[in-house]
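**Q** Coordinates for the following, if possible.
(chains A and B)
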Amino acid sequence: MRLSLAPPSDSAERKSLYKRLVEATILYAILFFFALLVGIPFLYMLTGSFKTNGQLFSWPVNLLAPEPTLNNYERLLSGEEIPYLQQMGNSVIIAVSQSALTLLFASMVGWGFAKYEFRGKTFLTIFLLFTFAIPFQVTLVPLFQMIVRLGLLDSFLGVILPSSVSAFGAFFMRQAMVSIPGELLDAGRIDGASEWGLFWRIGIPLSRGALSILCVLVFLAAWNDYLWPLIVLRTPEKFTYPVGLATLKGLYKVEYGMILGGAFIATLPIVLIFVAGRNQILDNLTIGAVKQ
Amino acid sequence: MFGRGRKIAPYLFISPFFVGYAIFFLYPVIQSLQLSFYRQVGLGKAPRFIGFDNYIRLVSKDDLFIKSLTNTTYYALGSILIIVPLALILALILHSPKLRFREFFRFLYFTPNITAGVVVGIIFNLVFEEQYGLINNLLLAPLGVDNVRWLREARWIMPAIIILGAWKWTGINAIYFMVGLQNIPPELKEAARVDGATRPQVFRHVTLPLLRPILAFVLTIAIIGSYNLFAEPTILVGLEGGPNNAGMTMTMYLYTRGFRELKMGYASAIGYSLAVIILVLSLVQLILIRAFRED
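**A** Below is the predicted model:
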């Protein structure tokens, strides 16, 4: 599928220019059609958050909000139904802590595997690869019992800790760190650096790119997670925002504009982070999965 | 902290991860297997050994389990059949040289994937609304199709969830395919063209075979993702899965038995069944992709 529109030199070329123009039009039409399919539900979420229930459920469907009202946001943020601001704050605390812990564990174990030879290394690698294939649903019940026994039910730690050891993160960081030249480390050792110093001053700075991608992926997973926080958290003041939004939808009188407002302000920061780092993130999504 | 020992250092580096892995993953995995042979209802109750009873009941007496298994498999097949060809077409278009606004389209198609499942569920409640919904009014009404009772009629619930899945996952799979296309050396296609192959032939005999590793990756992720499905259907039609439990997935069923009814042993057996299914499907898929290598 080529779209090159080189200038024509003779009649035969002109005919193929016509063909190319038609082809290009069709291709752009397809792309545009899918852009609408993806974009319109988002647009409807945004405009719907400025509508009353009556305007939202009326005919004909209006994608815009001709008479916008801020009432939904005022009532949502005032906390009269659920403490939504606090719930978003909880999500921030949980997602940030989980990212920090995951990055620390993953970069340390990745460094150990990438830069050292030790007894049991091959065994541990294969072992990790095999257990990696076990789906998390298997662990839910015993994890829940463990959280209860440790007294971590309805606490942030109960949400954060089990999700902070990521086998994917370990492999990801090992792949990123394996290419750091060993001579650099030997030079550091001659200068008297400790092994920890080598990791902290050479390993971490040289794998900043991989760390930032892993950070975004872990943050995103934690920010959007619903199942595990739903199991661990029990009081509205502790809920993360997805659990809060779900309770809002289950209320006796469903206030749809309010729910859409909550959905929108929770999605916006994520989209902004991705707009800022889109190329690096999108280009590297398949690291470790596809590139060997 | 790590002083002299180049011998001990690696163990110190890997131990925080592996200690955490042992506590929060390996132990639960083993504990769950054990628990699946016991009957335990409620926290703090003494578990009673019942052998394979949980598994036997799941397969022979539990209609809802079979229902959730069928639903989830329906979703997996349906969404893969829609997502994979669509994503491949989009990737081929996005891969064409001199395309303008490539980054814009790529990013836009990707955004549903970074949106929380709960948020997607909330949005699609409005998309599938019977009287005032987007699909019935904007897509079907112009074609003269009567309102479809998407979330109220059992037979339409799974198609609705599949459409939601396609909306959420097609974009990222298109990006995976784009990576695959970028990794194909252009000389290969040019050589085939010089030898007189038409464009469809090049696609069929050069591009497609070389995309096989990416296809295997995409299918594996899709299978795992299907059996993980929880937030979107729960928000869309409720934990029971709507009329006739038509939208109940296996993870929703596990949650209901394990965390609503606190049937710990039974839920563990569901978890292990799920693990076996995912493993078998992933292997079958890999073998099939290998089998098509020499065709």
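**Q** show me where pLDDT drops low in the chain?
**A** Just going to use chain A. For chain A, applying pLDDT under 70 flags the ranges A:1-15, A:252, A:283-292.
**Q** nope, chain B please
**A** B:1-4, B:293-295.
**Q** which residues in the stretch 151-292 of chain A form helices?
**A** Applying DSSP state H, counting those that start in this stretch to the stretch 151-292 of chain A gives helices spanning A:156-163, A:167-177, A:182-190, A:195-198, A:204-206, A:208-224, A:227-232, A:241-250, A:256-276, A:278-284.
**Q** how about those, which one is nearest residue B:69?
**A** Smallest distance to residue B:69 across the helices of the stretch 151-292 of chain A (C-beta to C-beta): 18.7 Å, for helix A:227-232. From N, CA and C alone the C-beta is placed, and that goes for glycine too.
**Q** in the closest one, what counts as buried?
**A** Neighbour counts over helix A:227-232 (16 or more other C-beta atoms under 10 Å in any protein chain shown) mark A:227-232 as buried.
**Q** what's in contact with stretch A:156-166?
**A** Residues outside stretch A:156-166 that contact it (C-beta atoms under 8 Å, 6 or more residues apart in numbering or on different chains) are A:90, A:93-94, A:97-98, A:101-102, A:105-106, A:139, A:143, A:147, A:150, A:152, A:218, A:221-222, A:225, A:228-229, A:232-233, A:238, A:240, B:17, B:20-21, B:24-25.
**Q** Now that we have those, which of them are buried?
**A** Here, 16+ other C-beta under 10 Å leaves A:90, A:94, A:97-98, A:101-102, A:105-106, A:139, A:143, A:147, A:152, A:218, A:221-222, A:225, A:228-229, A:232-233, A:238, A:240, B:17, B:20-21, B:24-25 buried among these.
**Q** Which residue, other than its chain neighbours, is closest to residue 233?
**A** All of this is about chain A. residue A:239 (5.3 Å; C-beta to C-beta, 6 or more residues apart in numbering or on different chains).
**Q** not quite, I wanted chain B
**A** Nearest to residue B:233 is residue B:247, by C-beta to C-beta, 6+ apart, at 4.6 Å.
**Q** Please apply the same query to residue A:206.
**A** Residue A:206 sits nearest to residue A:180 (C-beta to C-beta, 6+ apart), 5.2 Å away.
**Q** likewise residue A:244?
**A** Leaving aside its sequence neighbours, residue A:244 is closest to residue A:87 (3.9 Å, by C-beta to C-beta, 6+ apart).
**Q** gap between that neighbour and residue A:270?
**A** Separation of residue A:87 from residue A:270 (C-beta to C-beta, to the nearest Å): 16 Å.
**Q** So for those two, which residue has more residues nearby?
**A** Each of residue A:87 and residue A:270 has its neighbours counted (other C-beta atoms under 10 Å in any protein chain shown); residue A:87 has more, 26 against 19.
**Q** List the contacts of the more buried one.
**A** Applying C-beta under 8 Å, 6+ apart, the residues contacting residue A:87 are A:236, A:239-241, A:243-244.
**Q** If we use 10 Å, what do you get?
**A** A:79, A:233, A:236-245, A:247-248, A:262, A:266 (C-beta atoms under 10 Å, 6 or more residues apart in numbering or on different chains).
**Q** top of those residues by neighbour count?
**A** residue A:240 (31 neighbours).
**Q** Enumerate every residue touching that residue.
**A** Per C-beta under 10 Å, 6+ apart, neighbours of residue A:240: A:87-95, A:156, A:159, A:222-226, A:228-230, A:232-233, A:266, B:116, B:118.
**Q** Look up phi and psi at it.
**A** phi -90, psi 170 (degrees, to the nearest 10).
**Q** now it: how far from residue A:102?
**A** 17 Å.
**Q** just checking, residue B:151 is part of a helix?
**A** No - counting by DSSP: H, G, I helix; E, B strand; the rest coil, residue B:151 is not part of a helix but coil.
**Q** was I right about it contacting residue B:135?
**A** No - checked against C-beta atoms under 10 Å, the pair residue B:151 and residue B:135 is beyond contact range at 11.0 Å.
**Q** Would you mind listing the residues touching both of the two?
**A** Shared contacts of residue B:151 and residue B:135, defined by C-beta under 10 Å, 6+ apart, are found at B:124, B:127-129, B:160.
**Q** Quick check: buried residues in stretch A:255-271?
**A** Within stretch A:255-271, the residues scored as buried using 16+ other C-beta under 10 Å are A:255-267, A:270.
**Q** What of stretch B:71-83?
**A** In stretch B:71-83, counting by 16+ other C-beta under 10 Å, buried: B:71-76, B:78-80, B:82-83.
**Q** how many other residues sit next to residue B:180?
**A** Burial of residue B:180 is recorded as 23 neighbouring residues (other C-beta under 10 Å).
**Q** Out of the buried residues of stretch A:255-271, flag the one nearest to chain B.
**A** residue A:263 (4.3 Å; C-beta to the nearest C-beta).
**Q** residue contacts, the closest one?
**A** Contacts for residue A:263 (C-beta under 10 Å, 6+ apart) come out as A:45-46, A:48-49, A:241-242, A:245, A:248-249, B:115-116, B:118-123.
**Q** Spatially nearest residue to it, not counting backbone neighbours?
**A** In space, residue A:263 is closest to residue B:119, 4.3 Å off (C-beta to C-beta, 6+ apart).
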